[in-house]
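S.K.: 3D model of this:
(one chain, ligands or ions: 2)
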Amino acid sequence: MAIERTLSIVKPDAVRKNHIGGVLAKLEGAGLTIIGAKLIKLSQEQAGAFYGVHRERSFFQELVDFMTSGPIMVQVLEGENAILRNREVMGATDPAKAEAGTIRAEYGADIGENAVHGSDAPDTARTEIAFFFAESELQSR
Ligand code: ATP
Ligand code: MG
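M.R.: Ligands and ions are numbered 1, 2, ... in the order given. Coordinates of the predicted model:
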């Protein structure tokens, strides 16, 4: 199996509810290693660019407003099969459909306020990591 890197975000709803630690514990508990992390607040421009793939979707502005509504915690995760492993521990996009024990089942409120983001493929992982981190900010181990 390949060692991969993926981008993870604790979204503003989970940060507001003091669930940063709970989310990171689940990520580490799933065998993922945090090799970079920062707490930041996105501008409308940054959030729009990050979610540019959803620009034509009906919920785009709602998504941008939500993602800029407060600080987010962004982290780079590393490990075997990290992209899929992260998606598994995140659970389904809609917390109501997420499997018990997943981050979204535990901490998500609804399909908009769903606690976390995770890259969905190797190419998006690369782009999304570079969106937030310089290579010098990552401590691979
Ligand atoms: P993410 O990209 O945040 O990891 P995802 O890959 O599971 O989530 P996407 O289809 O990429 O889901 O949607 C991106 C985000 O847009 C979702 O996480 C959610 O916050 C928001 N979103 C998706 N569908 C809806 C919807 N119908 N109404 C409101 N927000 C939505
Ligand atoms: Mg997505």
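S.K.: Tell me the secondary structure at the residue nearest to Leu32 when sequence neighbours are not counted.
M.R.: In space, and not counting its chain neighbours, Leu32 is closest to Leu77: 4.2 Å by Cβ to Cβ, 6 or more residues apart in numbering. In this view, the C-beta of every residue, glycine as well, is placed from N, C-alpha and C. Under the three-state scheme (DSSP: H, G, I helix; E, B strand; the rest coil), Leu77 adopts strand.
S.K.: hang on, Leu77 packs against Glu28?
M.R.: No. If you go by Cβ atoms under 8 Å, Leu77 and Glu28 don't touch, sitting 9.1 Å apart.
S.K.: With neighbour numbers in mind, choose between these two.
M.R.: When neighbours are counted by other Cβ atoms under 10 Å, Leu77 comes out ahead of the other of Leu77 and Glu28, with 29 against 14.
S.K.: quick revisit: which residues touch the residue nearest to Leu32?
M.R.: The contact partners of Leu77, taken as Cβ atoms under 8 Å, 6 or more residues apart in numbering, are 5-8, 27, 32-35, 86.
S.K.: Cool, thanks, talk later.
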